[in-house]
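Engineer: model this:
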Amino acid sequence: MNTDHVVRTFVDYFRERGHRRITGSTLLPPPGDPVLFTTSGMHPLTPYLEGRPHPLGNRLVNVQRCLRTTDLEEVGDPTHLTVFQMLGTWSLGDYEGPQSLRWGYELLTEGFGVDPGMMYATVFGGDDRTDPDTASLEMWEELGVPVEFTVDDNWWSNGPTGPCGPDSEIFLWTGGRSNDAPIHSTHTHPHSTHPTPSQDNRWVEMWNHVTMRYRRLDDGSLVPLPQRNVDTGLGLERLVATLQGKSSVFESDIFEPWRRLVPGLWPLDETSLRLVCDHLRSAVVVIGDGVRPTNTGRGYVLRRLVRRLLTVLWREEGGSRSLGDLPDELVRHTLDHFRQGMDPVDVRVILLDEEQRFRRLLERGRRILAQPRFRGPLDEERLRYLHDTHGLPRDLVLSLRSRE
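Structural biologist: From the prediction side, this is the model:
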């Protein structure tokens, strides 16, 4: 299955079960929202989870693009991306969590052909305020899927306050297969011989089903929401890579143009290649949603992405590589994939302007580091000073120092 086929299969499955498709929002939350970017599929639906009637009813499905910087240091591993898409479903006071889990199991096994023996679930084990999620446990036992209890890892919220609740996560096994053997072709049962998801990262989290029944207040206390909701999120890129038998999200069809064109343009090791592809692609999406580089807020996140990828590109050879070499095909492919109407030429102009600003900063950084007070080893205090006062990233400072 290619990416478009996966999306159609997901949406059609839930439409057949009474869900109405809603249009995913941009990366930018509504005015007044304190969050810089949309970080999950449920974020734009918060008012409806809190009781406001949705104009399309109480069963919804969509595809939502999201941006997370909390995982930025993990980008380059097999599963983490800065900008990604979330396949989501919602029950707004309608069906309960066990029904959602049954449908999720059926879609994965019957719709996508996943071997049930390659699945593991985790369930909220309870704490001093909330009982264990026995309803989810009983459903997984009925379906024959092994379960691990956790506490912190199976409680979901979108921030320190707001809607929250226990969740049950579906994991798929990604170890012990060759790259050309898709997950649904194996008939072994890894959970009989391997540790649980919390003990073995070859179990990859795919689909989170949240029973959204509480609101956390400023003092940390929980109060019931007016209605019991179910909110689910399935990572599109992770699912596609798994179904295609790939060892990382960067090897799926979503990244095919990037894998084909970037290595010939900028020879990089695998981890650096993944980071450059991710950050460039994410920068294009953020720009396509109307953000421009600045020193604060959303613009600073964009600036950080661009300068971080440039630092990687320039780390080895002193800065001769340029985003001016970026093929138009990659910019257009990304804008088309996320259905953004911006002209690729305008995106390139913004990226090149930011590159020139960073080159000037680089030259200034060399002059600053040449000052007597910065000679010798740089401790953490001086590295923070160089970043906070002069805008010099730690990686860039260390790279400049290593070439002295």
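Engineer: Output the below-cut-off pLDDT ranges for the protein.
Structural biologist: Where the chain drops to pLDDT under 70, the residues are 176-194, 316-319, 402-404.
Engineer: quick one, helices of it?
Structural biologist: 3-15, 46-49, 97-106, 134-143, 236-243, 256-265, 270-288, 297-314, 328-337, 344-369, 380-390, 394-402 (DSSP state H).
Engineer: tell me which residues in the last one are buried?
Structural biologist: Put plainly, it is helix 394-402. 396-397, 399-400 (16 or more other CB atoms under 10 Å). C-betas here are computed from N, CA, C, even on glycine.
Engineer: Tell me the one among the residues you listed nearest to D269.
Structural biologist: Closest approach to D269 among the buried residues of helix 394-402 (CB to CB): S399, at 14.9 Å.
Engineer: Just want to check the distance between that closest one and L45.
Structural biologist: Going from S399 to L45 by CB to CB, to the nearest Å gives 43 Å.
Engineer: And L378, by the same measure?
Structural biologist: Taking CB to CB, one finds L378 at 46 Å from L45.
Engineer: Can you tell me who D77 pairs with across the strands?
Structural biologist: For D77, the beta-bridge assignment (DSSP bridges) gives partners V75.
Engineer: quick one: it from W140, how far?
Structural biologist: In this view, D77 and W140 are 28 Å apart by CB to CB.
Engineer: quick one, which of the two is more surrounded?
Structural biologist: Neighbour count, other CB atoms under 10 Å: between D77 and W140, W140 has more, with 22 against 14.
Engineer: Would you agree that one is in contact with F171?
Structural biologist: No: checked against CB atoms under 8 Å, the pair W140 and F171 is beyond contact range at 11.7 Å.
Engineer: Return every residue with contacts to both of the two.
Structural biologist: Counting by CB atoms under 8 Å, 6 or more residues apart in numbering, the shared contacts of W140 and F171 are A121.
Engineer: So which bits of stretch 340-356 are buried?
Structural biologist: Neighbour-count burial for stretch 340-356, counted by 16+ other CB under 10 Å, picks out 340, 344, 347-348, 350-351, 354-355.
Engineer: Among these, which one lies nearest to T196?
Structural biologist: Q340 (40.4 Å).
Engineer: Over to that closest one: give its phi and psi.
Structural biologist: Taking degrees, to the nearest 10, you get phi -110, psi 140 for the backbone angles of Q340.
Engineer: And it, how close does it get to V240?
Structural biologist: For Q340, the distance to V240 equals 20 Å [CB to CB].
Engineer: cool, and G159?
Structural biologist: Distance from G159 to V240, by CB to CB: 28 Å.
Engineer: Looking at the two, which is more packed in?
Structural biologist: For G159 and V240, the more surrounded residue by other CB under 10 Å is V240, and the numbers stand at 23 against 13.
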